[in-house]
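Undergrad: Take this sequence and fold it.
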Amino acid sequence: MTTRTLLILSALCLPNLVCLAGEKEVVAPVPLGPAQTSSNRDLWYADTDFSYTFGSKFKRESDFGRQSEYHFSLRFGRRFELSETWRLTLGIENEQFHFSKSNSFLPNSLNKLAAEVGLQWRSPLGQLQLTLHPGVYYTRDHITANSFDMPFSLVDRIPLTKTFSVALGFGGSLLSENHIGPVGGFVWEINDRLELRALFPHPAISYALNDSTKLFLGADVIGGAFRNGSTNDRRTNNAALTYQESRVGAGISFQPHQGVKLNLSSGYALERKFDYCHRGPIFRSKGAPYVQLRVELTLPAHGFAF
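TA: As a prediction, the model looks like this:
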């Protein structure tokens, strides 16, 4: 078995690595759904995501009652075509998880406010991309000096044929217990309408009904690593907390106008997990349905000043 094959298999097994932050930007910026195409031009981009996971009980804490979760994210920035082979991305992103119930171990919110810095190099052999997300990752309103983190990824997308390519690389963060791990997968354009994107953490298969509408079926892992802030319990005081929500679902992607895309999906959240990584307890919820809406916008940058 070759080294490249081992890397691919390791990447596909990445969800089983304990406490590695489930950053959705590690491999592909688009959550559960089909791929986002991009033009080789300077572009402004913005996308926002709303989802609601219905209430479910925790597996060993049934007396706590049912907890639901609301998720919101917003990204805004610009892509610069520096040359025929180099692209720079600069942006800002905000992400929030709000929970209907909380206590000393379960925070009422998880928050992220970070920059997005990406550098891509295109060559005849593939596309090498480095992405950094420096910012603060905190629970409730506890922003402290050690809330800083910088999740990163370095991924090389290698086309093997006209319809099949692989992605190989690694990623991680400072707050996650396993600071670094392999990431990757593959993309297979089965035919003109059917595409399989086996890329963690958002594998999906999509079918194009026409040029503007796609149906998709897939999985999604959202969450990340956050600094918990000050508490009266030594197990959770200023501890790193990893939150992970694993989903499966289906939906529709519609492009009503050039530069505007809507993704509407629903499905089932298999589990929500709060993990204090060695220092404290782990809480796992039972499954529950969810609904999600994502809006993506792109706009040519000519005529605008950065």
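Undergrad: contacts, neighbours, all on C-alpha from now
TA: Fine.
Undergrad: now the strand ranked longest in the chain, how far from the centre of its chain.
TA: Counting residues, the longest strand in the chain under DSSP state E turns out to be strand 240-257. Centre-to-centre, strand 240-257 and its host chain are 8 Å apart (CA atoms, centre = their mean, to the nearest Å).
Undergrad: Give me the neighbour count for residue 209.
TA: Counted with other CA atoms under 10 Å, residues neighbouring residue 209 total 11.
Undergrad: now swap in the one 3 residues further on and tell me
TA: Neighbouring residues of residue 212 were enumerated by other CA under 10 Å; the total is 13.
Undergrad: And the one 3 residues further on, by the same measure?
TA: Neighbours of residue 215 under the rule other CA under 10 Å: 20.
Undergrad: quick one, what contacts it?
TA: Neighbouring residues of residue 215 by CA atoms under 8 Å, 6 or more residues apart in numbering: 206, 207, 208, 209, 250, 251, 252, 253.
Undergrad: rewinding a little: the longest strand of the chain pairs with which strands?
TA: The strands beside strand 240-257 in its sheet (DSSP bridges) come out as strand 213-227 (antiparallel), strand 260-275 (antiparallel).
Undergrad: Report the buried residues of it.
TA: Within strand 240-257, the residues that qualify as buried are 240-255, counting by 16 or more other CA atoms under 10 Å.
Undergrad: Residue 86 and residue 120 touch, don't they?
TA: Yes. Taking CA atoms under 8 Å as the definition, residue 86 is a contact partner of residue 120 at 5.7 Å.
Undergrad: Which one of the two is surrounded by more residues?
TA: Taking neighbours as other CA under 10 Å, residue 86 and residue 120 compare with residue 120 leading, 20 against 16.
Undergrad: helix or strand for that one, which one?
TA: Following DSSP states H and E, the helix or strand that holds residue 120 is strand 109-123.
Undergrad: looking only at pLDDT, what's the mean for that strand?
TA: For strand 109-123, mean pLDDT is 96.
Undergrad: Would you give the sheet partners of it, along with the direction of each?
TA: Short version: by DSSP bridges, strand 109-123 pairs with strand 86-99 (antiparallel), strand 126-132 (antiparallel), strand 135-139 (antiparallel).
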